[in-house]
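J.: Requesting a structural model of the entry that follows:
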Amino acid sequence: MRRFFAALFMVWALGFLWFAAALPQPAGDEQTDAVIVPTGGPGRISQGLEVLSEGQARTMLVTGVDPEVTPEEFAAEFEVSERQMKCCVTLGFSAVDTRSNATETAEWVEDQEIKSLRLVTTDWHMRRAAGELERMLPDDIRIVRDAVPSNPSLGALFLEYHKLLASTVRGLTGL
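T.: Numbers count the residues shown, from 1 in each chain. Coordinates of the predicted model:
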């Protein structure tokens, strides 16, 4: 039994080392139908808006927006023109966590008839956010992972690694 737990600890420790050392990177110039940005980390919305402005996507969903934020406040804070807000930016107010970001996104993608999307989130959050999204979307939707580089603390990495493990187990067991 001792060997089993030692082996389990080694798998956990090597997994954490991989998770922390090989954070996802920004994507290239790949074109997608939409860009999806979960709120919660610095640089995410700015990067999503840059993708939109550069024509790498035609529309953008910001998921998990605080219900008290108005579209006008959002536009003012991120310097988004009224024209761009009307044509291209949707604010999603129903998500409160990564799992509900995926649900909100899947509903929006279906309504918009999206076939490809670029997920913009922080590097340490990318694996879990993409995993939740992949479980919610049909298999024919292409997801481009576009990580926002950060300098996470060891504690943030430790917490996110365990959230990723829990999310993976939940996905494998269908819970």
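
J.: so Gln31 makes contact with Arg58?
T.: No - Gln31 lies out of contact with Arg58 (C-beta atoms under 8 Å); the separation is 9.2 Å. Any C-beta I mention is one placed from the backbone N, CA and C, and that applies to glycine too.

J.: Of these two, which one has the most company?
T.: Neighbour count, other C-beta atoms under 10 Å: between Gln31 and Arg58, Arg58 has more, with 15 against 12.

J.: can I assume that one is in contact with Val89?
T.: No - when contacts are counted by C-beta under 8 Å, Arg58 is not listed as touching Val89 (11.2 Å).

J.: Okay, strands next: where are they in this protein?
T.: Secondary structure of the chain (DSSP state E): strands at 34-38, 59-63, 89-92, 116-122, 142-148.

J.: Now tabulate those strands in TSV and tack on distance to Phe78, mean pLDDT and mean neighbour count.
T.: Shown next, in TSV, are those (distance: least, C-beta to C-beta, whole Å; pLDDT from 0 to 100; neighbours: other C-beta atoms under 10 Å):
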stretch	distance to Phe78	mean pLDDT	mean neighbour count
strand 34-38	11	98	28
strand 59-63	9	98	23
strand 89-92	9	98	20
strand 116-122	13	98	25
strand 142-148	14	98	20
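
J.: Dump these to JSON lines, plus distance to Ala75.
T.: Below are the strands of the chain laid out as JSON lines (distance: least, C-beta to C-beta, whole Å):
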{"stretch": "strand 34-38", "distance to Ala75": "15"}
{"stretch": "strand 59-63", "distance to Ala75": "11"}
{"stretch": "strand 89-92", "distance to Ala75": "8"}
{"stretch": "strand 116-122", "distance to Ala75": "18"}
{"stretch": "strand 142-148", "distance to Ala75": "21"}
